[in-house]
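Peer 1: Need coordinates for the below:
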Amino acid sequence: MKATIRLVPVKMNILVTGATGFIGSHLVRRLRDNNHVYCLVRKRGQIEELPNQSVIECDLGLPLNSNLLPTDIRAIVHLAQANVPFPEKANELYRVNTVSTQELLHYGFKSGITTFIYASSGGVYGSGNRRFSEDDIPQPLDYYSVTKYCSELLVSQYRQHFNTVILRFFAPYGVGQKNRLIPNLIERIKKGDEILIYNEGNPRMNPLYITDVVEIIARALTLSDHRVINVGGQESYNIREIAELMGKLLNVAPRYKFLVDKSKQDLVGDVTLMKSLLGYEPKISLAEGLRLMISNNE
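Peer 2: Just a heads-up that it's a prediction; the model follows:
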């Protein structure tokens, strides 16, 4: 599929939610060189005011007060999300992950934006022993994935009013990430803790390093029409393969506990469309990305 490219004006005003999160903090640094970025944060003080960077305190766990938001933006990149326990905090999950999406879409419509980018998850596909493509029918893995897919449906309804881009992320990782699979694996290997391996190595995934992630988001701002795009690495790896790479970098032999659970299946995305539509191939290999993470934390 050939992309229809809309040139992004210099000093475009962009609102980024989740601006202090793992992806958001990297993205803001990438965008503010050529744009003015409004950083939506839960609490002021998490990020500072800088040239081309304004800070807006706004808790998406509460009803959106659009009076606090700028009226001169041209794009919204909605990265903010809740990833809290279900069912104990189901209302918070739905409020932040879905209701806030609708509120931001309506705010964007009233503000006359040209592009809305939504950060979704590969988890909307479910799991299985094949690569998922954008044409596959979603079967969300869990309640979190349900909230992400609900937002996807809302975003798609605004396609007649502005450009809408849904990015389904598969295992983004990198420097600064905490409490996710890859940084947790690094810590377990360092401590000598056992790593659970299901079905002799699975599940498989295709991780993508953070600098590649933010470059893809930046390029997505140039797309027109409605797009749904898988965002992941070109190669897939199972948990044992990832742990072995980490062990070599740490000079520590990983310890494993082998279990059988046929429900633990792969979650790998086909990234053919990502590469062709955005004209971009990931630059950082898994081995290099892990090296950067480990050296940064030493």
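
Peer 1: so Leu64 makes contact with Tyr107?
Peer 2: Yes: when contacts are counted by Cβ atoms under 8 Å, Leu64 is listed as touching Tyr107 (6.6 Å). C-betas here are computed from N, CA, C, even on glycine.

Peer 1: Tell me where the stretch 151-298 of the chain has strands.
Peer 2: Using DSSP state E, counting those that start in this stretch, the strands found in the stretch 151-298 of the chain span residues 163-169, 172-173, 194-198, 204-205, 208-209, 226-231, 237-238, 255-259, 268-269.

Peer 1: which residues touch Thr17?
Peer 2: With contact taken as Cβ atoms under 8 Å, 6 or more residues apart in numbering, Thr17 is in contact with 24, 40, 60, 76-80, 100, 104.

Peer 1: can you count the residues close to Val165?
Peer 2: When counting by other Cβ atoms under 10 Å, one arrives at 24 neighbours for Val165.

Peer 1: That one is in contact with Ile229, isn't it?
Peer 2: Yes: between Val165 and Ile229 there is a contact under Cβ under 8 Å: 7.0 Å.

Peer 1: What pLDDT is listed against Gly201?
Peer 2: Note for Gly201: predicted pLDDT of 83.

Peer 1: separation between it and Ser236?
Peer 2: With distances taken as Cβ to Cβ, to the nearest Å, Gly201 is found 11 Å from Ser236.

Peer 1: of those two, who's got more company?
Peer 2: Shown here are Gly201 and Ser236; by other Cβ under 10 Å, Ser236 has more neighbours (20 against 16).

Peer 1: Help me confirm that that one comes into contact with Pro203.
Peer 2: No: at 9.8 Å, Ser236 and Pro203 do not qualify as touching, with contact defined as Cβ under 8 Å.

Peer 1: where do the contact lists of those two overlap?
Peer 2: Common neighbours of Ser236 and Pro203 (Cβ under 8 Å, 6+ apart) are Asp266.

Peer 1: Could you pull up the residues touching Gln53?
Peer 2: Each residue near Gln53 by Cβ under 8 Å, 6+ apart is listed here: 28, 32, 36-37, 39, 47.

Peer 1: Output the contacting helices and strands for the biggest helix by length in the chain.
Peer 2: Identified as the longest helix of the chain according to DSSP state H is helix 143-156. Applying 3 or more Cβ pairs under 8 Å, 6 or more residues apart in numbering; DSSP states H and E, one finds that helix 143-156 contacts helix 90-94, helix 100-111, strand 115-121, strand 163-169.

Peer 1: now the ones you listed in a markdown table, with distance to Leu259?
Peer 2: Converted to a markdown table, the helices and strands packed on helix 143-156 look like this (distance: least, Cβ to Cβ, whole Å):
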| stretch | distance to Leu259 |
| --- | --- |
| helix 90-94 | 28 |
| helix 100-111 | 37 |
| strand 115-121 | 25 |
| strand 163-169 | 27 |
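
Peer 1: Just put the ones you listed in JSON lines and tack on mean pLDDT.
Peer 2: Shown next, in JSON lines, are these (pLDDT from 0 to 100):
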{"stretch": "helix 90-94", "mean pLDDT": "96"}
{"stretch": "helix 100-111", "mean pLDDT": "98"}
{"stretch": "strand 115-121", "mean pLDDT": "98"}
{"stretch": "strand 163-169", "mean pLDDT": "98"}
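
Peer 1: closest one to Tyr144 among the ones you listed?
Peer 2: Nearest to Tyr144, of all these, is helix 90-94, at 6.3 Å by Cβ to Cβ.

Peer 1: Any buried residues in the closest one, and which?
Peer 2: For helix 90-94, the neighbour count (16 or more other Cβ atoms under 10 Å) marks 93-94 as buried.

Peer 1: could I get that helix in CSV with only the CA atoms?
Peer 2: Provided in CSV are the C-alpha atoms of helix 90-94 (Å, rounded to 0.1, in the frame of the first residue of the first chain):
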residue,chain,number,x,y,z
ALA,A,90,-11.7,-1.9,36.3
ASN,A,91,-13.3,1.5,36.5
GLU,A,92,-10.0,3.3,36.4
LEU,A,93,-8.8,1.2,33.5
TYR,A,94,-11.9,2.0,31.5
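
Peer 1: elements contacting that helix?
Peer 2: Against helix 90-94 (3+ Cβ pairs under 8 Å, 6+ apart) you get helix 143-156.

Peer 1: Just the angle for the helix it packs on relative to helix 100-111, thanks.
Peer 2: Angle, helix 143-156 to helix 100-111, by axes from the mean of the first three to the mean of the last three Cα atoms, to 10 degrees: 20 degrees.

Peer 1: Report the rounded mean pLDDT for helix 143-156.
Peer 2: The average pLDDT within helix 143-156 is 97.

Peer 1: buried set for that helix?
Peer 2: Buried positions in helix 143-156, judged by neighbour count with 16+ other Cβ under 10 Å: 143-152, 154-155.
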